[in-house]
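K.L.:
Prediction below, plus the sequence it came from.
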Amino acid sequence: MDSPSNLAQKNTQPNPVQSAFGKLREEMETCIIGQQTLVEHLLVALLADGNLLVEGAPGLAKTTAIKELARRIEGDFHRIQFTPDLLPGDLTGTDVFRPQTGAFEFQQGPIFHNLVLADEINRAPAKVQSALLEAMGERQITVGQVSYNLPRLFLVMATQNPIEHEGTYPLPEAQLDRFLMHVRIHYPDAGAEKQILELARTQARTTGTRNTAGQVLLTQQQIFDAQQQVLDMHMAPPVEEYLIQLLLASREPSPYGEDLARWVSYGASPRGTIALDRCARANAWLDGRDYVSPGDIQAVAFDTLRHRILLSFEAEAEGVTADDVIRELIQRVPVS
């Protein structure tokens, strides 16, 4: 039987998978300057086994973030540029006739990669978006009457530009709900801008000599182990009750204020409850803890819920955003 001192020593030993993720985060933050939230929530989505939608102006390192992640984990990466003339077969693949055998053979499309960047997803027509969302939701794609499974390690990071809407096909709310997180990123501050300039100059000097392959810090098995550890995180019953009450308040906000009841048309679905639970656990695990706190729930609430709360016409007329509603819910729903 272990003595109390031995048990304490075991509990303080660092988790090797957590240490590997910590090193991965540190390395990514040296390349993605001024976008700490994007880096953290990209790793949260990886740990929670979900997909994320990133919205931000051009040039804010959205593409660079997932490319730097792909360089450091075991897996392949593909970028898909969504355009109005894109077809579902360009994404999923198609049956190709082979004269040698006299039969059709399925040719895999770019969706059959571990990490996929769906760049400017709102520029593709609805049927292409639907093919991507089937892949995200079902982890399979269907061509004709045959379904094909996608890799076990599969993450889609979709991007959209908030400043250009001509010729775009906005994602319906029902499809937005399939994204685990909706991350909004903004311009970096002056200090980060200076670091970006220094990094750009350094990279320009070493062009042609850098190792573009990168060092693999995480194997796929380590990622699967981390995902299991996230699911096994301890969440005390009062914390779980707080999470549930926060979601219920988004659906029935009247007990917390007439203004909230006037602003909200529809609240988050049970899928939102599952997403908030997964993301809160992943956030706590990424911070090196073995328990979930109310602070973890609040830290991921905005990116997890902003695309799941539908506002009324009154809210839009008053200039109220989904973030404003979530902020008020966090302030008014008591922590159990």
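P.N.:
Now that the structure is in, tell me what you want to look at.
K.L.:
all strands of this structure, in order?
P.N.:
Using DSSP state E, the strands of the chain run over 52-55, 77-81, 93-98, 103-108, 115-119, 140-143, 146-149, 155-160, 181-184, 264-266, 310-311.
K.L.:
Is residue 143 bridged to anything, and to what?
P.N.:
residue 146 (DSSP bridges).
K.L.:
Tell me the spacing between it and residue 74.
P.N.:
Separation of residue 143 from residue 74 (CB to CB, to the nearest Å) stands at 27 Å. Heads up, the C-betas are built off the backbone N, CA and C, glycines and all.
K.L.:
Tell me which of these two has more neighbours.
P.N.:
residue 143 (18 against 15; other CB atoms under 10 Å).
K.L.:
For the residue nearest the centre of the chain, name its beta-bridge partners.
P.N.:
Among the residues of the chain, the one closest to the centroid is residue 52, at 2.9 Å (CA atoms, centre = their mean). Beta-bridge partners for residue 52, by DSSP bridges, are residue 157, residue 181.
K.L.:
and it, what pLDDT?
P.N.:
Residue 52 is assigned a predicted lDDT (pLDDT) of 93.
K.L.:
Now do the same contact list for it.
P.N.:
Going by CB atoms under 8 Å, 6 or more residues apart in numbering, residue 52 touches 41-42, 45, 156-158, 179-183, 303.
K.L.:
thinking again about what came up before, got TSV for the strands of the chain, with distance to residue 204 too?
P.N.:
TSV is the format used below for those (distance: least, CB to CB, whole Å):
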stretch	distance to residue 204
strand 52-55	26
strand 77-81	22
strand 93-98	38
strand 103-108	36
strand 115-119	23
strand 140-143	40
strand 146-149	42
strand 155-160	25
strand 181-184	28
strand 264-266	49
strand 310-311	45
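K.L.:
Most tightly packed of those strands?
P.N.:
strand 155-160 (a mean of 25; mean count of other CB atoms under 10 Å).
K.L.:
what angle separates that strand from strand 77-81?
P.N.:
30 degrees (axes from the mean of the first three to the mean of the last three CA atoms, to 10 degrees).
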